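In: Take this sequence and fold it.
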Amino acid sequence: MPEPQGPEPTGWELMRGLERVQQSIDSLGGKVVTQAAYDSDKRAMDERMKVMRDEIDDFHTKSSERDRAEAAQREENTRFRKNMNLSIALAVASPIIAAVVGFLSVKGGA
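Out: The predicted structure is shown next:
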């Protein structure tokens, strides 16, 4: 710390200086915290942030699982529709083929 250049301050000047420092501290009010209070608040905030991150991760996990289940269901529905279409086609085609074969055999035999 540099040495003062002027004469030593009087007791009155020191008292006024201390009062100004006290007023500055008082004006800060609840804004001044100790390191322990800061560390405690930081730990609490970190814990809240961890809980929030975990909730977000759980949401993404559940969302991914739901997306996979929906994709599997869509695939199953598509497979079912294709099988149903094939069954209907075979059900409709069989009598038609039998009629054509019968018609050709009657025509060919006559």
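In: Now do the strands for the protein: every range, in order, please.
Out: Assigned strands in the chain: none (criterion: DSSP state E).
In: hey, which helix is longest across it?
Out: Using DSSP state H to assign secondary structure, the helix with the most residues in the chain is helix 35-109.
In: Run through the residues that contact the residue nearest to the spatial centre of the chain.
Out: Centroid-nearest residue in the chain: residue 56, 3.8 Å away (criterion: CA atoms, centre = their mean). Going by CB atoms under 8 Å, 6 or more residues apart in numbering, residue 56 touches no other residue. (C-beta placed from N, C-alpha, C; glycine too.)
In: can you pull the pLDDT of it?
Out: For residue 56, the pLDDT comes out at 90.
In: do residue 76 as well
Out: Looking at residue 76, its pLDDT stands at 95.
In: Can you tell me how far residue 29 is from residue 23?
Out: According to CB to CB, to the nearest Å, residue 29 and residue 23 sit 12 Å apart.
In: Work out the gap between the longest helix of the chain and the centre of the chain.
Out: The gap between where helix 35-109 is centred and where its chain is centred comes out at 22 Å by CA atoms, centre = their mean, to the nearest Å.
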